[in-house]
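# all I have is the shape, not the residue letters:
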């Protein structure tokens, strides 16, 4: 599939991307190559292939759910400009 410069410009606009005019030709060629590859993959018969999430059937290793870090709130809040009842106070930004 071959994309024109106008099509690439329209795609870039939809994606809210700013693409310089001099880069459109190269980008069109790269996108066309990607679409050709996707078409080539779609042409492969996968009717006998079972969908899978991973090529190997291995269970996920889980770690024990243990607390490994603690929060030293007093030390962190000692350097804060303003604290009240364990909460950081910040200037109001919405009136």
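Nice, I can see it. Quantities reported herein were computed from a predicted structural model and do not represent experimental measurements. Residues are numbered from 1 along each chain as shown.

# enumerate every residue touching residue 27.
By C-beta atoms under 8 Å, 6 or more residues apart in numbering, the residues touching residue 27 are 8, 12, 19. No exception for glycine: its C-beta is placed from N, CA and C like everyone else's.

# if you set the cut-off to 6 Å instead, what comes out?
residue 8 (C-beta atoms under 6 Å, 6 or more residues apart in numbering).

# so it sits in a helix?
Yes - counting by DSSP: H, G, I helix; E, B strand; the rest coil, residue 27 is found in a helix.

# check the most centrally placed residue in the chain and give its pLDDT.
Among the residues of the chain, the one closest to the centroid is residue 15, at 14.5 Å (C-alpha atoms, centre = their mean). Residue 15 carries a pLDDT score of 95 in this model.

# what does residue 22 give?
Reading off the model, residue 22 has pLDDT 92.

# ramachandran angles for it?
The phi/psi pair for residue 22 (degrees, to the nearest 10) reads phi -70, psi -10.

# count the neighbours of it for me.
Residue 22 is flanked by 7 other residues according to other C-beta atoms under 10 Å.

# on the three-state scheme, residue 74 is what?
Quick answer, by three-state DSSP: residue 74 is helix.

# so residue 57 versus residue 47, what's the distance?
Applying C-beta to C-beta, to the nearest Å, the value for residue 57 to residue 47 is 21 Å.

# hang on, residue 92 is in a helix, isn't it?
No - if the criterion is three-state DSSP, then residue 92 is coil and not within a helix.

# run a quick neighbour tally on it.
Neighbours of residue 92 using other C-beta under 10 Å come to 6.

# do the same with residue 35
Residue 35, neighbours per other C-beta under 10 Å, totals 13.

# test my guess that it contacts residue 2.
No - assessed by C-beta atoms under 6 Å, residue 35 is found out of contact with residue 2, at 8.8 Å.
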